[in-house]
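Peer 1: below: sequence and its predicted model.
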Amino acid sequence: MKNLEKTLNKRSKFLSLVLRHQPETIGIILDSEGWTDINILLQQMAQHQSELTREQLIEVVETNDKKRFQLSEDQNKIRAVQGHSNKQVQREYIEKMPPHPLYHGTATRFVESILKNGLIAGERHHVHLSEYLDTAYKVGQRHGKVVIFNINTQKMQQNGYQFYQAENGVWLVEHVPTQYLTQLE
Ligand code: HQG
């Protein structure tokens, strides 16, 4: 990885931490849609040895490989679009018809539990699903030896499950019970 890429990656990870999980580590507050004031964010980052300029912050948002962050229309606020575990955030995603099927990439060591309990959100607010196999594969690789599950979204929809899509394309659902899962590899 080149130096700039490394720096951007590190900044993205830090922003994910404070905008998704632990805003309190730098003394900021997220509203229920995940937004926080950019001036306060930058001020608090500076006070916690993580100083960034506004331009550098915007650079992270714009170059981010998964479009994890979003600026408000007036450019005064920033948020992570998905992946939250923080209780202050209760995003109201708009329900949307998912493609059929969707995929979930995970690791072999979770399979037994998944086949027993279905896919659960755990610390996060939703189970994350992908439209594309290669994305699911990459997500699974983060955890170990990859296993892909195919999700029968059609059946789930017929049975009243609600799906949402975050601004960056990630599909979200609260739970996927085992009867809708087929293991691919
Ligand atoms: C597994 C990344 C045991 C689940 C990605 C996963 C994604 C179970 C792990 C986003 C289980 C949770 C989310 C059960 C699910 N028993 N294990 N019943 N149900 N699991 O990181 O989906 O780079 O919270 O399969 O791209 O891997 O952060 O979720 O392996 O979009 O922007 O529990 O995070 O995006 O792990 O990844 P995670 P995930 P970012």
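Peer 2: Okay, I see it.

Peer 1: the residue lying farthest from the centre of the chain and Arg91: what is the separation?
Peer 2: In the chain, Gln47 marks the outermost C-alpha relative to the chain mean, sitting 26.6 Å out by C-alpha atoms, centre = their mean. Gln47 sits 27 Å away from Arg91, taking C-beta to C-beta, to the nearest Å as the criterion. From N, CA and C alone the C-beta is placed, and that goes for glycine too.

Peer 1: could you do Ile58 as well?
Peer 2: 22 Å.

Peer 1: among those two, which residue is more densely surrounded?
Peer 2: Arg91 (19 against 16; other C-beta atoms under 10 Å).

Peer 1: quick check on the more buried one: phi, psi?
Peer 2: In terms of degrees, to the nearest 10, the main-chain angles of Arg91 are phi -60, psi 140.

Peer 1: give the contact list for it.
Peer 2: For Arg91, the contacting residues are Ser32, Glu33, Gly34, Gln82, His84, His125, by C-beta atoms under 8 Å, 6 or more residues apart in numbering.

Peer 1: need those residues in JSON lines with secondary structure and distance to Tyr103, can you?
Peer 2: Converted to JSON lines, the contacts of Arg91 look like this (DSSP: H, G, I helix; E, B strand; the rest coil; distance: C-beta to C-beta, whole Å):
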{"residue": "Ser32", "secondary structure": "coil", "distance to Tyr103": "29"}
{"residue": "Glu33", "secondary structure": "coil", "distance to Tyr103": "27"}
{"residue": "Gly34", "secondary structure": "coil", "distance to Tyr103": "25"}
{"residue": "Gln82", "secondary structure": "coil", "distance to Tyr103": "16"}
{"residue": "His84", "secondary structure": "coil", "distance to Tyr103": "22"}
{"residue": "His125", "secondary structure": "coil", "distance to Tyr103": "20"}
